[in-house]
Each structure stands twice: as C-alpha cells, then as structure tokens.
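>>> Task: produce atomic coordinates for the following.
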Amino acid sequence: MVDAKSYGWENRVKFIVKFMYDIDNNGSLDKNDFECLAVRNTVIEGKGAWDEAKYKENSEIMAKLWNEIADLADFDKDGEVTTEEFIKALRTTAMGKGYDGLPACLKTFIGAMFKTIDIDGDGSIGIEEYRQDCVKRMAYSNIKDLDDAFNKLAGGAPEGITLAKYQELYAGFIANENAAGADLPCLYLFGPLSEI
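Residues are numbered from 1 along each chain as shown. Modelled structure (predicted):
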C-alpha cells in the first residue's frame, strides 16, 4: 500500500501543476509558462543544440496548449490557472477517462513530454531516461528508490515504456482517483512522490 497523501489524486494533480507546467515557479499557470516550455522542450529535444525550426514548431504547440488549458480551466478569466482551477477542470473533464477520452490539450502535452524524456529517440523510455527525467524535478537520496519506481511502472518490460504505454500511464496518473488505494503502476510515472 502506498502513502495515500503522497499518491492521492489531488496531490498528483498538484505535482503536475508544480513540476510539469509551472516552469517559472510563480504558483499558477499562465502564458509565460508555455513560452518557457517551448524553449525547454527545444533545448532538451536538441540535446542542448538550438534548432529554430523546432522551436517554432514547439512554440506553436505550446501556444495552442496554453489557449486550450485557459479555455478549460481559467474559470475567472484572469489569464492565470491556479492549482485549484486545474484540479476542478480535471475533475470535470478527465476523471475516470482513458487516454482517448482526455481533452486534446492534455494529449498534446503528453506527447510533447514523451519526446523530451525519450532522449535517444528510440520510441521508448528506458531506466536511464526515466532516472534523468525524475531527477530534473525532485531530489532523491538514493538510486534504489528511482529504480524500484521504474520497475513498478514498467512491470519488467524489457523494451521500457513505449509512447502508447506512456499515454495509458499518464491518463491513469491524472484521471484515476482511486489509483493510490490500488497501488497501480501509473502512480510511479514521475518517480516516487512526496506530499505537495
């Protein structure tokens, strides 16, 4: 059984906001976060090299993503999406749905995230790529915690996590309210969690 506070649904959504979207760390989501994501993703995908065409593509994707998220979750129309607004939006649009039932903006983000994690571009996330992704966001005092999380996540699959599997796991992470009680693999998508 996993820690219900760390792996509970609302904490998982708070994790997504804090560590995946709120790139400028100001406590809410806004257009600037998605402009920063376009730069970040371009640098990561280029392994440090800058590709203006790739940046233009990422910039267009992230601008569209921000507009869709704002439409979905900026309930007071102030140009920012608070964690509470994001929780409310996911509760009404994603809860209990598989990947195919998620809003288009989340599907776009999931695909973009996979590309930044699959560093070698082979179509799957292996343990080394998983470790690198996890340590970019949170601190871990030993590698065993990360490796144990990856093994729970991948279920011993030698090929690692394919895009289709990543999509399924991501949907479970944000749309399965009872995952913590069941200790499902999706809980470990972003490494061991702590309470936010």
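>>> helix, strand or coil for Tyr140?
coil (DSSP: H, G, I helix; E, B strand; the rest coil).
>>> Apologies, that question was intended for Ala157.
Classification of Ala157 by three-state DSSP places it in coil.
>>> What pLDDT does the model give the residue lying closest to it once chain neighbours are set aside?
The shortest distance from Ala157 to any residue other than its chain neighbours is 7.6 Å, reached at Lys165 (C-beta to C-beta, 6 or more residues apart in numbering). Heads up, the C-betas are built off the backbone N, CA and C, glycines and all. Note on Lys165: pLDDT of 95.
>>> Check which helix or strand Lys165 maps to.
helix 163-175 (DSSP states H and E).
>>> any idea which helix or strand comes after that helix?
helix 179-182.
>>> What separation is there between Asn32 and Gly79?
Separation of Asn32 from Gly79 (C-beta to C-beta, to the nearest Å): 10 Å.
>>> buried stuff in the lengthiest helix in the chain?
Looking across the chain with DSSP state H, the single longest helix is helix 52-73. With burial defined by 16 or more other C-beta atoms under 10 Å, the residues of helix 52-73 counted as buried are 54-55, 58-59, 61-62, 65-66, 68-70, 72-73.
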